[in-house]
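J.: predicted model, plus sequence, below.
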Amino acid sequence: MTEVGSPEYVTVQSENNPTGPGSTSSSHITDRVQSFSPGQLDTPQPFPDTNEHEVSIPEPSPEPEYTIESVPPNPTGYVLPQRINRGIPPKRFCPDCAGCESQYPIAHHMTTESLTKPLQTFTNVLCSNPIRRSDIYLSIIMADWANLLPDLLAMIAQRLAAHDFIVFCAVCQSWLSASHTLKEKPALPPWLVLAEEENNKEVSRRGFFSLSTFKTYEFELPEASGRKCIGANYGCFLTLGTDLQINLVNPFTRKQINLPPMLTLEEQFNYSDEFRPEDCIGMFVCKVALSTNPWANEDLTSCVVALIYGEFCILAFARLEDRLWTNIRVPNRCYEDIIYYRGKFLAVDCHGTIVVCDIDNNNNGDRPIARKLLAPRPPGTRDTDQKYLVESSSGYLLLVIRFRKGTLFEGGEDDGQKLRYYTVGFSVLKLDKCGTSACDDHHHLQEDQGSSRNTTTITTPKYRYKLTEVNNLGDMALFLGRNPSVFLPASKFGGSLRANCIYFTDDNSELFHSEPGGGGRDMGIFDMETRIIEPHYPGYSRHTFSTPFWLM
């Protein structure tokens, strides 16, 4: 019989009961199982000396030591163990790089934590040698930024915020051209163009206050230095200086369009040796409106410029190719606002009467301008209450009335402490069509007939529209001032604008001389719901004739 030695025993660990500190003894039962070789299957086996039901409970073993294999050293970051410092980019190079401060912390983090092995190898090769700061600065200075690829510039512009996009467009012509290729441009809230600082040596610079960042940006703009500026449409404004030349200026491209000079306007002041034309540029032109974008079309006849000018605030227009201005024949004088609405120029006078100007009938230069009364005078308003016209977001025409108070309006004496004029509120009226039948405006006037006094009903013209008061602007924000009035949806500007509010500037040039330091203090935000006025510009910006205005 073949002699059989002692059997071998193998310890089998239960998979469902892992060992470790803190586990109960019942989970560490070790099964003793005999191990046989294939040749022993046919040989009788002796019964083992030990008890087959014997159970051994091992002593608790210490926590096993895990071997952590570190990430191999690389020249772009620390030698980091696995899953350590996750999400925190290294701040320095490895010791092999002389301990220089890292200039690529994001790249270092990606090479050690986020990338796959092939990409880690690729970035290690790219960043194998540290770049000196002087080399980086030199490459920035020597780079030909103006001739970057247009597609690359467009990709950069598409990712910019609204205020950065404006600065991007003002860099150079190639960057501006790249911005025109964007299908969707960032929504740009209006800029508040600040008054020129008369004592500032840098007179060629003009400040632009952003409502989105509450910061003031200075642009090199010698085209506006020493000139009266009036806001216009399409991101430009009109300038008038002591040279009596009237220009349209785009502040971001610094392009200019020369319009007919001031002396070609028919109505002029009664000048004398003591009162020259250049002395009245501050009040000669009050408002301006454009029919189309003057920068987008090479056809100079397609853009018509209309303005309110002169001592009696009358209307005139000119096309870009004209050499002189043409007066618009209208029933009254003292017009306060003019806009381009559905192919026509509309104007409102100090009484609140709205007229439409059919300039298309004047192509030959010798035909009179047609005029039509659109709506009656708003009730309960004074001639001193300022009027504005604006097109709503849904296409309706609105008449906005601005109410002021102060010693100039109340007849009191100026004590040097109170404002001589200030805004106290606004009223918004909507022009609704009268339907099939025209609206009659009935006024009862008192007439003297001899010695008796009779009440007579005056028959007034029939109007196409009636006035309805609007108490809530909804999501819209209204911008008023010495610029075309504009409605903008507040929700599209990321919280930069307040809904149901009116943003206004100081725009009554006749009152600027009454305030020490000039006009510019009567500015703010009027809440239509609370009827409270708050400031929108925290600084000080005043001038004797060129006060802040909105650029849109």
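T.: Now that the structure is in, tell me what you want to look at.
J.: quick one: residues contacting the nearest residue to residue 302 once chain neighbours are set aside.
T.: Distance criterion Cβ to Cβ, 6 or more residues apart in numbering; nearest residue to residue 302, sequence neighbours excluded, is residue 292 at 5.5 Å. (Each C-beta comes from the backbone N, C-alpha and C, glycine too.) With contact set as Cβ atoms under 8 Å, 6 or more residues apart in numbering, residue 292 has these partners: 302, 303, 304.
J.: same deal with residue 316?
T.: Counting by Cβ under 8 Å, 6+ apart, residue 316 makes contact with 265, 266, 306, 307, 309, 325, 326, 327, 328.
J.: what strands flank the helix or strand containing it, and is each parallel or antiparallel?
T.: Using DSSP states H and E, residue 316 sits in strand 314-319. Pairing partners of strand 314-319, with direction, according to DSSP bridges: strand 304-309 (antiparallel), strand 326-328 (antiparallel).
J.: need those strands in a markdown table (columns: mean neighbour count and distance to residue 428).
T.: Written out in a markdown table, the entries for these read as follows (neighbours: other Cβ atoms under 10 Å; distance: least, Cβ to Cβ, whole Å):
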| stretch | mean neighbour count | distance to residue 428 |
| --- | --- | --- |
| strand 304-309 | 24 | 21 |
| strand 326-328 | 20 | 26 |
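J.: out of those, flag the one nearest residue 423.
T.: Between residue 423 and those, the tightest spacing by Cβ to Cβ is seen for strand 304-309, at 20.4 Å.
J.: ok so, going back, take the strands paired with strand 314-319 and lay them out in a markdown table including mean pLDDT.
T.: Below are the strands paired with strand 314-319 laid out as a markdown table (pLDDT from 0 to 100):
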| stretch | mean pLDDT |
| --- | --- |
| strand 304-309 | 94 |
| strand 326-328 | 89 |
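J.: got TSV for these, with distance to residue 420 too?
T.: Supplementary listing: the strands paired with strand 314-319 in TSV, determined by distance: least, Cβ to Cβ, whole Å:
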stretch	distance to residue 420
strand 304-309	24
strand 326-328	33
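J.: just to revisit the earlier point, convert the strand holding residue 316 to PDB, retaining C-alpha atoms only.
T.: What follows is strand 314-319, C-alpha atoms only, in PDB (Å, rounded to 0.1, in the frame of the first residue of the first chain):
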ATOM      1  CA  ILE A 314     -39.600 124.100 -36.300                       C
ATOM      2  CA  LEU A 315     -39.000 121.100 -38.500                       C
ATOM      3  CA  ALA A 316     -36.500 120.600 -41.400                       C
ATOM      4  CA  PHE A 317     -35.100 117.600 -43.300                       C
ATOM      5  CA  ALA A 318     -32.300 116.700 -45.700                       C
ATOM      6  CA  ARG A 319     -31.100 113.600 -47.500                       C
END
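J.: what is the mean pLDDT for that strand?
T.: The predicted model gives strand 314-319 an average pLDDT of 91.
J.: now stretch 378-391
T.: Mean pLDDT, computed over stretch 378-391, is 89.
J.: okay, buried residues for that stretch please.
T.: With burial defined by 16 or more other Cβ atoms under 10 Å, the residues of stretch 378-391 counted as buried are 378, 381, 385, 386, 387, 388, 389, 390, 391.
J.: I'd say the third one and residue 405 touch.
T.: The one in question is residue 385. No - Residue 385 is not in contact with residue 405 according to Cβ atoms under 8 Å; the separation is 10.9 Å.
J.: now residue 179: how far from residue 331?
T.: 45 Å (Cβ to Cβ, to the nearest Å).
J.: quick one: low-confidence ranges for this protein?
T.: With pLDDT under 70 as the threshold, the chain has low-confidence stretches at 1-133, 135-142, 198-203, 273-274, 361-370, 407-419, 435-462, 513-514.
J.: the helices in it, which residues?
T.: Listed in chain order, the helices of the chain (DSSP state H) span 105-109, 117-126, 133-142, 150-158, 162-169, 173-180, 281-284, 407-410.
J.: what does the fifth one contact?
T.: By Cβ under 8 Å, 6+ apart, the residues outside helix 162-169 that reach it are 156-157, 160, 175-176, 179, 185-189, 191, 210, 212-213, 215, 217, 252-253, 493, 496.
J.: can you check stretch 537-548 too?
T.: Residues from elsewhere that reach stretch 537-548, judged by Cβ under 8 Å, 6+ apart: 192-196, 198, 207, 209, 214, 216, 227-229, 281-283, 481-482, 505-507, 509, 512-513, 515, 517-521, 523.
J.: show me those residues that map onto strands.
T.: 192, 193, 207, 209, 216, 228, 229 (DSSP state E).
J.: need the max-distance pair from the residues you listed.
T.: Across the ones in strands among the contacts of stretch 537-548, the two members that end up farthest from each other (Cβ to Cβ) are 216 and 228, 20.8 Å apart.
J.: between the two, which has more neighbouring residues?
T.: Each of residue 216 and residue 228 had its neighbours counted (other Cβ atoms under 10 Å), and the higher figure belongs to residue 228 (25 against 16).
J.: what about the closest residue to residue 156 other than its chain neighbours, how many residues nearby?
T.: The spatial neighbour of residue 156 that comes closest, neighbours along the chain excluded (Cβ to Cβ, 6+ apart), is residue 168 at 7.4 Å. Taking other Cβ under 10 Å as the criterion, the count of residues near residue 168 is 19.
J.: how far away is residue 168 from residue 551?
T.: The span separating residue 168 from residue 551 equals 17 Å under the rule Cβ to Cβ.
J.: residue 179 and residue 331: which is more packed in?
T.: Comparing residue 179 with residue 331 by neighbour count (other Cβ under 10 Å), the higher total belongs to residue 179, at 21 against 9.
J.: go ahead and confirm the more buried one touches residue 173.
T.: No - because the distance of 10.8 Å does not satisfy Cβ under 8 Å, residue 179 is recorded as not touching residue 173.
J.: my read: residue 549 touches residue 504, true?
T.: No - here residue 549 lies out of contact with residue 504, judged by Cβ under 8 Å, at a distance of 10.7 Å.
J.: identify the contacts common to the two.
T.: Shared contacts of residue 549 and residue 504, defined by Cβ under 8 Å, 6+ apart, are found at residue 481.
J.: longest strand in the chain, by residue count?
T.: Assigned via DSSP E, the chain shows its longest strand as strand 422-433.
J.: quick one: strands adjacent to it?
T.: In its sheet, strand 422-433 lies beside strand 397-405 (antiparallel), strand 465-470 (antiparallel), with partners assigned from DSSP bridges.
J.: buried stuff in it?
T.: Taking 16+ other Cβ under 10 Å as the neighbour-count basis, strand 422-433 is seen to contain the buried residues 422, 423, 426, 427, 428, 429, 431.
J.: beta partners for the last one?
T.: When bridges are taken as DSSP bridges, the partners of residue 431 come out as residue 467.
J.: could you do the first one as well?
T.: Following DSSP bridges, residue 422 is listed with bridge partners residue 405.
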